[in-house]
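here you go, sequence then predicted model.
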Amino acid sequence: MKGQGGARRRKSSDNPQAQDNQATKARLLQVATALFAQKGFHGVSTREITQQAKANLSSLYIHWRSKENLYLAAYRDLFQRLAALTQEFFALLEKGLRTQESLEQVIYPLADLVFDFYEANPELARLNLHRVLEDGALAVQVEQEFENPFYHTLARCYQRLTEAGFMHVSDPEFLPFSLEILLDLYFANPTRLERRLGMSPKALRARLRNHFRETFVRLVHGH
């Protein structure tokens, strides 16, 4: 019986229809994330999502049931990646503490880790800014389900490190939001700063990375 069950699972995984359904589901999520990031939740229609994803409207409702669920799925996907990043963040922090490195030697790799995530996932910054402006029940759900637990975890970490004397964070609860604001404003529309400062994208990115590192250090140093 065990062997037959395994055979059935293998047969199911090799089913072209099942594979096509999963590919359609993933494509809908990818397209919807890009559109929500570009236009906000209210600026995007289900028809626009399905047309760009080359899927029919019924597929969207079969997989996600509603546009609201698809929007939440876009955030869930990004915050799951952030949660994975947090494990690496804490591992780097613990390594720095064990080796008794300077504050800059500990913080710079952490800052780079966060910066690189936003650079690879600029949709998060754009989604965040649209959400702040749109507000409403869906925005509150994102805060409660994804954002608040994530930032509370970081705040508790900064609080423990402050109590241990390694850092001197004056407001551990607000620190994650201070750093997020800096990244959101830049990655939501980097060309705005490129025009303002007359810099190439590469030069501006390097300058902002250094500024983000230094800001991170100043915030955890209590200055």
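Looks like it came in fine. Given the structure is predicted, the values throughout are model-derived calculations rather than measurements.

okay, now the unreliable bits of the chain?
For the chain, applying pLDDT under 70 flags the ranges 1-14, 222-223.

most centrally placed residue in it?
residue 78 (4.2 Å; Cα atoms, centre = their mean).

that one: which element?
Assessed by DSSP states H and E, residue 78 sits inside helix 67-98.

quick one: list the elements packing against the next helix or strand after that helix.
Using DSSP H and E, the helix or strand that follows helix 67-98 in sequence is helix 103-120. With contacts defined as 3 or more Cβ pairs under 8 Å, 6 or more residues apart in numbering; DSSP states H and E, helix 103-120 has these neighbours: helix 67-98, helix 175-187, helix 201-221. Placement of C-beta: from N, CA and C, glycine included.

got those as JSON lines, with distance to residue 31 columns?
Formatted as JSON lines, the helices and strands packed on helix 103-120 follow (distance: least, Cβ to Cβ, whole Å):
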{"stretch": "helix 67-98", "distance to residue 31": "10"}
{"stretch": "helix 175-187", "distance to residue 31": "20"}
{"stretch": "helix 201-221", "distance to residue 31": "25"}
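
most tightly surrounded among those helices?
The highest average neighbour count among the helices and strands packed on helix 103-120, using mean count of other Cβ atoms under 10 Å, belongs to helix 175-187 at a mean of 18.

and the angle from that helix to helix 103-120?
Per axes from the mean of the first three to the mean of the last three Cα atoms, to 10 degrees, the angle that helix 175-187 makes with helix 103-120 is 50 degrees.

next secondary structure after helix 175-187?
Next element after helix 175-187 (DSSP H and E): helix 190-197.

mind checking the backbone torsions on residue 172?
phi -60, psi -30 (degrees, to the nearest 10).

counting neighbours, what do you get for it?
Close neighbours of residue 172, defined as other Cβ atoms under 10 Å, add up to 20.

so it versus residue 199, what's the distance?
Computed as Cβ to Cβ, to the nearest Å, the residue 172 to residue 199 distance reads 33 Å.

identify the residues contacting residue 97.
For residue 97, the contact set (Cβ atoms under 8 Å, 6 or more residues apart in numbering) comprises 106, 166.

ok, the residue nearest to the centre of the chain - contacts?
33, 121, 123-124, 127.

which residues are contacting stretch 172-187?
114-115, 118-119, 122, 124-126, 128-129, 150-152, 154-156, 158-159, 162, 169, 193, 208, 212, 215-216, 219-220.
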